[in-house]
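Visitor: here is a sequence with its predicted model. Questions after.
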Amino acid sequence: MTYARILGTGSYLPEKVVTNDDLAQIVDTSHEWIYSRTGIRERRIAAEGQTTCDLAEQASRAALAAAGCEAGDIDLIIVATTTPDRIFPSTACLLQERLGNRGAPAFDVQAVCTGFIYALATAEKFLRSGSAQRALVVGAETMSRIVDWNDRSTCVLFGDGAGAVVVGMDEEFGIISSHLHADGTYKDLLTVAGGVSEHPEILRNGGAHILMRGNEVFRMAVTTLDNIVEEALAASGLDRKDVQWLVPHQANTRIIGATAKRLGMSMDQVIVTVDRHGNTSGASIPLAFDVAVRDGRIRRGDTVLMEGFGGGFTWGSILLRY
Ligand code: COA
């Protein structure tokens, strides 16, 4: 049996830190309100002109170095993003050019906050089928560009950043199971209405902003993530106690805590970065994973459950032995 294994990780955060107190200067909010409901203290915001591809490039270079690879060794590039630099070419193609890779297939995946789970699961299928040997999988976002900075109910939640992994085949360890889901009937609960084809006038007028029915999203996220945990354990035949680390999508500490409880995990086994990063959508899982690998918490051979939930709705999990 061979597995698709994460060979190296990397991440990148823009320099500018925006605290809850900073936001209280812009909209009618407070640190207490934001922190008590979401666990967020601060987030990073991309500099003017700094793009999703800029963040992706830095994270990718770090992941390539950690994996001991050159860009030319990569034969598949997938970028999960909801905030691409351009409508086209894909951010993956822009990233490929930056890294100096030519010829490898490169494409974006759009599954909002579940994007990285979708991208990594897709890469795994390429690798296991023999269509690729070494993949670069990136989650990168500049959510600050689609936030309405006058809407206190959403602007306090999001941040910018990027995370990346290099994946290759391994005889012993790697991805054990992956599960992807979507249900488009929930399309209006969490959306940016306005795009190329539907309501292009919203895009032209600069009004393409995140709209969210927060309470309903919260309830759906908790219930759905519970089911994801059960599904991953049942498919892998593993027991709750076999999972050492939970790397959840970083939206809200209350949602994360509910999933950890379901797994019977203490919060010491959960990688939490939402306090410092906010919700970086498709970037949040690889960012959190890289933080925990680099600070020595997640070690080679550890069993890790990644899970995500986002607009669409989309949701999914990846269970792996790192
Ligand atoms: N500061 C102060 N008050 C705020 C505020 C802010 N930043 N944002 C909203 N409020 C106000 C509302 O206007 C409302 O006031 P009202 O009662 O006078 O109308 C009140 O706070 C309660 O709003 P509500 O939306 O019910 O708050 P909540 O307790 O549900 O918390 C969220 C809001 C967004 C934190 C919560 O719903 C949540 O975390 N949802 C999930 C979001 C998420 O994770 N999305 C991404 C999924 S990938």
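Guide: Yes, it's here. Numbers count the residues shown, from 1 in each chain.
Visitor: can you map out the helices along the stretch 101-250 of the chain?
Guide: With helices called from DSSP state H, counting those that start in this stretch, the stretch 101-250 of the chain shows them at 115-128, 152-155, 200-204, 214-236.
Visitor: what's the shortest one packed up against?
Guide: Of the remaining helices and strands, those touching helix 152-155 by 3 or more C-beta pairs under 8 Å, 6 or more residues apart in numbering; DSSP states H and E are strand 210-212. No exception for glycine: its C-beta is placed from N, CA and C like everyone else's.
Visitor: mind giving me the packing neighbours of the strand it packs on?
Guide: Applying 3+ C-beta pairs under 8 Å, 6+ apart, one finds that strand 210-212 contacts helix 152-155, strand 190-192.
Visitor: tell me how far it is from the chain's mean position?
Guide: 18 Å (C-alpha atoms, centre = their mean, to the nearest Å).
Visitor: just stretch 298-309 next, same as before
Guide: Mean C-alpha position of stretch 298-309 versus that of the full chain (C-alpha atoms, centre = their mean) differs by 14 Å.
Visitor: now swap in stretch 25-41 and tell me
Guide: Offset of stretch 25-41 from its chain centre (C-alpha atoms, centre = their mean): 22 Å.
Visitor: can you tell me which of the helices of the stretch 101-250 of the chain is packed in deepest?
Guide: Counting by mean count of other C-beta atoms under 10 Å, helix 115-128 has the highest mean neighbour count of these, with a mean of 25.
Visitor: and it with the ligand, contact?
Guide: No: Helix 115-128 lies out of reach of the ligand by C-beta under 6 Å from any ligand atom, never closer than 10.7 Å.
Visitor: show me the contact partners of that helix.
Guide: Contacts to helix 115-128, defined as C-beta atoms under 8 Å, 6 or more residues apart in numbering, come from residues 2, 4, 76, 78-82, 109, 111, 132-133, 135, 137-139, 163, 165, 167-169, 175, 178-180, 281-286, 306-308, 310, 314, 316-318.
Visitor: put together a markdown table for the helices of the stretch 101-250 of the chain, with mean pLDDT on each row.
Guide: Output for the helices of the stretch 101-250 of the chain, formatted as a markdown table (pLDDT from 0 to 100):
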| stretch | mean pLDDT |
| --- | --- |
| helix 115-128 | 98 |
| helix 152-155 | 97 |
| helix 200-204 | 89 |
| helix 214-236 | 92 |
